[in-house]
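Trainee: what follows is a predicted structure for the sequence shown.
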Amino acid sequence: MKRKMRLIMINDLVDLIRLQSKNIEHYKQYPIALLFFIMLLLEVPSTFLSERGGSSIASLLTYNISIAFLFTFIEAIIFVYWFGRIGKKYSFLTFLHYDAMLTIAASIPVIAILLVMQSFDSLPWVGIIGLLTATLYVLYMFIANLANAVGSSKKFAFGAIFIVALLQGIPEYLIL
């Protein structure tokens, strides 16, 4: 039974990466503790690959993990409010499960892009293009999947993601 659940989860993650989200309720089948554990595991290679010169790895990893978990909760709260405005009423836990799955799915291509960028470390333009590509893809991935899962327009989902991006960008900008 556990093996079947893992295969379904992997298929769901691939579907999210391919912008083919299922109904938001579908993702509640995965234990939230497992989703958070996977998020934690994916923060390690992400932090090592995007290491910034001025900070120690331990402090940077602690910061990245804290921000990832904090904003997963904040995003779920914002999504409950935002989509509730148009009658798409889902519980906080439903959005929390879904947001954790989206975060995991978004981490996979970002880590792949960071690996490619490491290979071309001597070419600064590769880093700029890689960072821009990863950012745009993750934003579009969140918007398209969220709109599909909730049954709203991409324009309305963009509003939710824009608010979340602003809220997340402010501390990132101030600290870094």
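Mentor: Yep, it's here. As the structure is a computational prediction, the values presented were derived from the model and not from experiment.

Trainee: low-confidence regions, this structure specifically.
Mentor: In the predicted model of the chain, residues 1, 51-55, 121-123, 171-176 satisfy pLDDT under 70.

Trainee: give me the element the residue positioned nearest the centre of it is part of.
Mentor: Taking CA atoms, centre = their mean, the centroid of the chain lies closest to T103, which sits 2.4 Å from it. Assigned by DSSP states H and E, T103 falls within helix 92-119.

Trainee: tilt between whichever helix or strand comes after that helix and helix 92-119?
Mentor: Downstream of helix 92-119, the first helix or strand assigned by DSSP H and E is helix 124-150. Here helix 124-150 runs at an angle of 160 degrees relative to helix 92-119 (axes from the mean of the first three to the mean of the last three CA atoms, to 10 degrees).

Trainee: next structured bit after helix 124-150?
Mentor: Beyond helix 124-150 toward the C-terminal end (DSSP H and E), the next one is helix 154-175.

Trainee: that older thread, my guess is the residue nearest to the centre of the chain contacts T72. True?
Mentor: Yes: contact between T103 and T72 holds when scored by CB atoms under 8 Å: they sit 6.1 Å apart. (C-beta placed from N, C-alpha, C; glycine too.)

Trainee: intersection of neighbour lists for these two?
Mentor: Listed as contacting both T103 and T72 by CB atoms under 8 Å, 6 or more residues apart in numbering are M39.

Trainee: pull out the buried residues from stretch 146-157.
Mentor: Across stretch 146-157, burial judged by 16 or more other CB atoms under 10 Å covers L146, A147, N148, A149, V150, S152, F156, A157.

Trainee: ok, these vs A33, which is closest?
Mentor: The closest of the buried residues of stretch 146-157 to A33 turns out to be A149 (CB to CB; 21.4 Å).

Trainee: the closest one contacts L19, correct?
Mentor: No: look at A149 against L19 with CB under 8 Å: they stay out of range, at 11.0 Å.

Trainee: mind listing what's buried in the helix or strand encompassing I74?
Mentor: Here I74, judged by DSSP H and E, is contained in helix 57-84. By 16+ other CB under 10 Å, the buried positions in helix 57-84 come out as 60-61, 63, 65, 68-69, 71-72, 75-76, 78-80, 82-83.

Trainee: try stretch 95-112
Mentor: Applying 16+ other CB under 10 Å to stretch 95-112 flags 95-107, 110-111 as buried.

Trainee: out of those, who's nearest Y140?
Mentor: Using CB to CB, the buried residues of stretch 95-112 come closest to Y140 at A106, 10.4 Å.

Trainee: what does stretch 13-23 rub up against?
Mentor: By CB under 8 Å, 6+ apart, stretch 13-23 touches 12, 101-102, 104-105, 108-109, 140-141, 144-146, 148-149, 151.
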